[in-house]
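A.B. asks: please work out how this folds:
(one chain, ligands or ions: 1)
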Amino acid sequence: MAGRLALCLVEATAGRLYLRPTAAGLCLRRAAGGTATTPVPLQASSGNLRTQADLPEVTLPTFLYRMIFKGYYNRLHELQDSLKYENVVNDVITDFVKRIRYLCKISPTGDLVPNVTNELYRFSLEGISRILFETQIGCLENEIPAETQNFINSISQMQRESIPVSVLPKWTRNYLPFWKHYVAGWDGIFSFACKLIDRKMEDIQKRLDTNQEAAGEYLTYLLSNTKMSKKDVYGSVAELLLAGVETTSNTLLWALYLLSRDPKAQDILYQEVADIVKGDQIPAAQDINNMPYLKAVIKETLRMYPVVPVNATPFTTFVIYHYAISQDETVFLHPQMFKPERWLRDGRERPHPFGSLPFGFGVRGCVGRRIAELEMHLALARHRRTSNQINRNMLVPDRQVNFHFLERKRCIHLNGFFTV
Ligand code: HEM
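C.D. replies: Prediction:
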């Protein structure tokens, strides 16, 4: 457990009501999960200091080979062009809003959403699935389809078992149940993902056979434009799927939590969004460019709670401890305080850009960064209507988090942090 937080309950004041966490306190725990690749034990630092010369190098021939024959950099480029996913993401947010409203409605107080962690998980899984598989998987329906539920169970089984599997010696695999369960978890993940990918392949093939254009986004692109083998596509999609769920959902959770403790920040955020998005409009990705405070809220959340607190590359001694570096007092004045304004470009002195690197940096940096930001920014922008081979751990709350989504009196459509 890395730290402890005291929660102050924020009550309604002067006609405005705010997010109010109901848990009495939150602890941080580092839970394994959401890894982009098969979790492996964190490589212990050898203690020998290395220089820049020791860093792995991508030579020009390797770079060219990957670019030309593997379609690799195209793939990354494709995913980073996040604007094309704006409508998909907004549709998912709309479904999420409906679900939050429904949960509020059926709650005893009319505003309580229990276990927000789980709701945000469902939101993120549906979001990344719709982007990757170009199909709805029903995570935001009141009754999750059985197939999807099995998939969710498989993810959590794989993640749960990844801890014992990564610390136990190989010889135990024949005697203890963890390895078997771990592999079964992966089997469940792949059988679901592969089925959706195969379905998409058949669809593309049908279109091509009838001389139609293979319309679609990421998966269609991977399947029809790159030189990736089917096996690579399966692996690539599974990797993105796992990396893209708990990261965004927990960051949104931390953002909601921080905002719930800071009514002033909620007000500023509300005002900024309301000034740009009028009436019943749904915020567009372009609108986000005019919302510096909203972006700063996410940046500050990731500084305080970098959801990937440590990342390391196997077989190197290079480890970034995000959680520690972003608390450096020499870079961030009052690092324990939630101050989104420290990131604003309004003439004030801004922190060093390398003071907080929640997405990593350079060639190993997060491939899904643009998608993650799009999802988190657009989700948070709905705030205005009312009132968020690497081994990796996640920085997540250690207990169930419930929120009261309270009315913001100045709004017409009330009932929840997000509404439609
Ligand atoms: C708040 C959201 C997220 C955070 C903070 C985050 C953070 C990170 C970090 C720190 C790394 C390691 C970078 C390094 O080694 O230097 C990483 C890698 C990765 N992330 Fe994310 N991530 C987020 C969301 C996503 C999403 C939504 C996706 C998928 C769409 C994704 C896909 C990946 C993949 C595939 C890698 C591995 C890249 C590689 O091995 O080269 N991430 N992420």
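A.B. asks: only C-alpha atoms for contact and neighbour calcs from this point on.
C.D. replies: OK.
A.B. asks: quick one, phi/psi of residue 311?
C.D. replies: Dihedral angles of residue 311 (phi, psi; degrees, to the nearest 10) stand at phi -140, psi 150.
A.B. asks: what is the burial count for residue 199?
C.D. replies: When neighbours are defined as other CA atoms under 10 Å, residue 199 has 13 of them.
A.B. asks: which element is it on?
C.D. replies: Element membership for residue 199, per DSSP states H and E: helix 178-209.
A.B. asks: what ranges does the stretch 101-250 of the chain have for its helices?
C.D. replies: Assigned by DSSP state H, counting those that start in this stretch, the stretch 101-250 of the chain shows helices spanning 116-133, 146-167, 178-209, 218-225, 230-243, 246-260.
A.B. asks: adding distance to residue 94 and mean pLDDT, write those out as a markdown table.
C.D. replies: As requested, those are exported to a markdown table (distance: least, CA to CA, whole Å; pLDDT from 0 to 100):
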| stretch | distance to residue 94 | mean pLDDT |
| --- | --- | --- |
| helix 116-133 | 10 | 90 |
| helix 146-167 | 20 | 89 |
| helix 178-209 | 23 | 87 |
| helix 218-225 | 21 | 71 |
| helix 230-243 | 21 | 82 |
| helix 246-260 | 16 | 91 |
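A.B. asks: as CSV, those helices with distance to residue 356 would be great.
C.D. replies: Below are the helices of the stretch 101-250 of the chain laid out as CSV (distance: least, CA to CA, whole Å):
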stretch, distance to residue 356
helix 116-133, 23
helix 146-167, 27
helix 178-209, 33
helix 218-225, 29
helix 230-243, 20
helix 246-260, 15
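A.B. asks: can you put these in CSV and add distance to the ligand?
C.D. replies: Conversion of the helices of the stretch 101-250 of the chain to CSV gives the following (distance: least, CA to the nearest ligand atom, whole Å):
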stretch, distance to the ligand
helix 116-133, 6
helix 146-167, 15
helix 178-209, 15
helix 218-225, 11
helix 230-243, 4
helix 246-260, 4
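A.B. asks: relative to residue 358, which of those helices is closest?
C.D. replies: Residue 358 lies closest to helix 246-260 among the helices of the stretch 101-250 of the chain, at 10.5 Å (CA to CA).
A.B. asks: what's the angle between the closest one and helix 116-133?
C.D. replies: 140 degrees (axes from the mean of the first three to the mean of the last three CA atoms, to 10 degrees).
A.B. asks: when you give positions from now on, start the count at 4
C.D. replies: Understood, numbering begins at 4; the last thing we discussed is helix 249-263.
A.B. asks: now for helix 249-263, which elements pack on it?
C.D. replies: Applying 3 or more CA pairs under 8 Å, 6 or more residues apart in numbering; DSSP states H and E, one finds that helix 249-263 makes contact with strand 23-24, helix 119-136, helix 266-279, helix 295-307, helix 372-384, strand 394-400.
A.B. asks: what about it, distance to the chain center?
C.D. replies: 9 Å (CA atoms, centre = their mean, to the nearest Å).
A.B. asks: burial count for the closest residue to the ligand within the stretch 154-303 of the chain?
C.D. replies: As assessed by CA to the nearest ligand atom, the ligand sits closest to residue 247 within the stretch 154-303 of the chain, at 3.4 Å. If you count neighbours by other CA under 10 Å, residue 247 ends up with 24.
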